[in-house]
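Novice: Need a 3D model of the sequence below.
(one chain, ligands or ions: 2)
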Amino acid sequence: MLQSDSKKYHIITFGCQMNERDSETLAGYLEERGYTPAGSHEEADLVLINTCSVRDNADKRFFGTLGQIKKHKEHDPDFVIGVCGCMMQQQYIVDEIKEKYPWVDIVFGTHNIHVFPEMLDEVLISREKQLEKARREAARKQEPGEEDGTPFRYRQKTMIDVWKEGGDVVEGMPYKRLYDYKAFVNIMFGCNNFCTYCIVPYTRGRERSREAANIKAEVERLAAGGVKEVTLLGQNVNSYRGKDVDFTDLIYMLAQIDGLERIRFMTSHPKDISDKLINAFGDCGKLCKFIHLPVQSGSDEVIRRMNRHYTRDQYLRIIDKLRTAAPDICISTDIIVGFPGETEAQFADTLDLVERVGYDSAFTFLYSIRPGTPAAKYPDQIPEEVKHERFDRLVEAVNRHSLARNKAYVGRTVEVMAEGASKRDAGRLGGRTDGFKLVNFDAGPAAGGLIRPGNLCKVKITEAKTFSLVGELVTDRG
Ligand code: 5AD
Ligand code: SF4
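Specialist: Residues are numbered from 1 along each chain as shown. Ligands and ions are numbered 1, 2, ... in the order given. Below you'll find the predicted structure:
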């Protein structure tokens, strides 16, 4: 790969943790070739936008960002702009880029991020050749060159390489981790579920799992380098299949690694939750007592039309079993409001389910049409004002439960993994409990300075808010 001594890069990432993780790989490639991070796109020589297409507003934000970056490109023709991620897997988006944003240099997809370094080399080499040619021409015609302040404008076509399907899992890509003490580890890619509202199976392809031995080796390396917490990532981690190793076996394998303190995972599908996994919450000390278990709707009829393959009773039984196995477990979910055809009575079933489960937190979404998915063509799309009105009622219920569940922590002492000090007050730290609750706590200016990100602290909870807890340091075990 071509080396660059002083160039700066900036990556803008939209969407989920899979995208965050892909951006770490892209940063790894760039740092391998000498690029260093820039604070913003204005300071950068190269910008990558890693896109998300899960909901309509993510599409809009991408095109808005691209519009802002155009000005930068106009001032600095050397500037390189690449776009990648889920949106690029949709042909109509790539067509729109070709037509309206022809100054984008590189377009690649979710299945071939490993081709990015080669594409970048090709762009830079082709520019160098054009520059040489223009210099020769200018010298021959005795015209003024770039030194006179006339920047040379490249006539370069957008380089596009988007693979339609994921091939074998690519191992060994470099990556630049965002944190020293925690890491995201992909265990599987893609999704076979085809929920009728969801674009992911079309943008991330079919399910593919990594070999357990490769995952274990990666986590061992991370733990040896000081990582205490890993989050295992996949669209549907419960359907992870290694050679003779299922998802729960993988958790137990990783739990043996010295130095690793916490194991988390994202995301689960209720239809694939096994009793074996539920029991692991009671059995495996390193498995964090937290599960994100998207329910999407509390109505059997809506769940069926979403193609989710469970009933509300089955879902509620899973919740009961989880709380039996690990009474302290914290549970979060995703809920979509205003799925096509959702009646008031069906929405009331969702509210009722929220009351019954009592989630610690929930991500609530307005249904958004995703072109190419079955639900986009369903009749009875719900009017925006009805969606918003239901959404507000749902958020009220969700927030009320979050606060009530947080209040139950007041007076208790919990273990918190410190994440960092507040910018304004070095003695005030933030961190997460095993149940993923955010805790802001006072350690005092002297003690605060000694607690490093990743340290496990005992914290006494003094106050509960809807989205966080407040506490005081009791002890720091390092
Ligand atoms: N509209 C609204 N929300 C959606 N999600 C996925 N697709 C859509 C859509 N078309 C939500 C689901 C999923 C989360 C990541 O995003 O709740 O679990
Ligand atoms: Fe989308 Fe459903 Fe797959 Fe989740 S399980 S990524 S919601 S298709």
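
Novice: pLDDT below threshold where in the chain?
Specialist: 1-5, 143-155 (pLDDT under 70).

Novice: what does it put close to ligand 2?
Specialist: By C-beta under 6 Å from any ligand atom, the residues of the chain that approach ligand 2 are 191, 193, 194, 195, 198, 200, 201, 235, 236, 269. Yep, even glycine has a C-beta here, placed from its N, CA and C like the rest.

Novice: Now do residue 317: how many residues are near it, please.
Specialist: Applying other C-beta atoms under 10 Å, we find 13 residues neighbouring residue 317.

Novice: Number the residues from 590 up from this point.
Specialist: Sure, I'll start numbering at 590, so the last one becomes residue 906.

Novice: what comes up buried for the one helix or strand it maps to?
Specialist: Taking DSSP states H and E as the criterion, residue 906 maps to helix 901-914. Neighbour counts using 16 or more other C-beta atoms under 10 Å place 901, 904, 907, 908, 911, 912, 914 of helix 901-914 among the buried residues.

Novice: before we move on, what about stretch 1011-1026?
Specialist: 1015, 1016, 1017, 1018, 1019, 1020, 1021, 1022, 1023, 1024, 1025, 1026.

Novice: Kindly export the helix or strand where the fourth one lies (C-alpha atoms) in PDB.
Specialist: The reference is to residue 1018. Residue 1018 is part of strand 1017-1022 when elements are defined by DSSP H and E. The C-alpha trace of strand 1017-1022 is given here as PDB (Å, rounded to 0.1, in the frame of the first residue of the first chain):
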ATOM      1  CA  ARG A1017     -16.500  13.000  38.400                       C
ATOM      2  CA  LEU A1018     -16.500   9.800  36.400                       C
ATOM      3  CA  GLY A1019     -18.800   8.000  34.200                       C
ATOM      4  CA  GLY A1020     -19.100   4.200  33.700                       C
ATOM      5  CA  ARG A1021     -21.400   1.200  33.200                       C
ATOM      6  CA  THR A1022     -22.800  -1.400  35.500                       C
END
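
Novice: what's the angle between the helix or strand just after that strand and strand 1017-1022?
Specialist: Next helix or strand after strand 1017-1022 toward the C-terminus (DSSP H and E): strand 1027-1031. Strand 1027-1031 and strand 1017-1022 are oriented at 140 degrees to each other (axes from the mean of the first three to the mean of the last three C-alpha atoms, to 10 degrees).

Novice: name the helices or strands packed onto strand 1027-1031?
Specialist: With contacts defined as 3 or more C-beta pairs under 8 Å, 6 or more residues apart in numbering; DSSP states H and E, the packing partners of strand 1027-1031 are strand 1002-1010, strand 1017-1022, strand 1045-1053, strand 1058-1065.

Novice: got the contact list for it?
Specialist: 1003, 1005, 1011, 1016-1022, 1037, 1046, 1048, 1050, 1056-1062 (C-beta atoms under 8 Å, 6 or more residues apart in numbering).

Novice: let's see 10 Å
Specialist: Residues outside strand 1027-1031 that contact it (C-beta atoms under 10 Å, 6 or more residues apart in numbering) are 950, 995, 998, 1003-1008, 1011, 1014, 1016-1022, 1037, 1040, 1046, 1048-1052, 1054, 1056-1063.

Novice: among these, which ones are buried?
Specialist: Neighbour-count burial (16+ other C-beta under 10 Å) applied to these gives 950, 995, 998, 1003-1008, 1016-1022, 1037, 1040, 1046, 1048, 1050, 1058-1060, 1062.

Novice: Send me stretch 717-731 as CSV with only the CA atoms.
Specialist: Extracted in CSV, the C-alpha atoms of stretch 717-731 (Å, rounded to 0.1, in the frame of the first residue of the first chain):
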residue,chain,number,x,y,z
GLU,A,717,-0.5,11.4,-9.8
LYS,A,718,-0.5,10.4,-13.5
GLN,A,719,-3.0,13.1,-14.4
LEU,A,720,-1.0,15.7,-12.5
GLU,A,721,2.3,14.6,-14.3
LYS,A,722,0.6,14.9,-17.6
ALA,A,723,-0.9,18.3,-16.8
ARG,A,724,2.5,19.6,-15.6
ARG,A,725,4.1,18.4,-18.8
GLU,A,726,1.4,20.0,-20.9
ALA,A,727,1.7,23.3,-19.0
ALA,A,728,5.5,23.2,-19.4
ARG,A,729,5.2,22.5,-23.2
LYS,A,730,2.7,25.4,-23.7
GLN,A,731,4.6,27.6,-21.2
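
Novice: Enumerate the residues of this structure near ligand 1.
Specialist: 643, 644, 786, 787, 883, 885, 923, 925, 954, 956, 957, 959.

Novice: which among those gets closest to residue 702?
Specialist: residue 643 (18.2 Å; C-beta to C-beta).

Novice: Surely that closest one touches residue 957?
Specialist: Yes - when contacts are counted by C-beta atoms under 10 Å, residue 643 is listed as touching residue 957 (8.4 Å).

Novice: Can you check which residues contact both of those two?
Specialist: Common neighbours of residue 643 and residue 957 (C-beta under 10 Å, 6+ apart) are 786, 788.

Novice: where exactly do the helices run in the stretch 840-989 of the chain?
Specialist: Assigned by DSSP state H, counting those that start in this stretch, the stretch 840-989 of the chain shows helices spanning 864-872, 889-894, 901-914, 933-946, 973-996.

Novice: Would you indicate which residues of stretch 965-978 are buried?
Specialist: For stretch 965-978, the neighbour count (16+ other C-beta under 10 Å) marks 970, 971, 976 as buried.

Novice: Quick one: end-to-end distance for it.
Specialist: 21 Å (C-alpha to C-alpha, to the nearest Å).

Novice: quick one: contacts of it?
Specialist: Contacts for stretch 965-978 (C-beta under 10 Å, 6+ apart): 785-786, 788, 894, 925-933, 936, 954-960, 964, 979.

Novice: Now restrict those to buried residues only.
Specialist: 785-786, 788, 894, 925-929, 931, 936, 954-957, 959, 964, 979.
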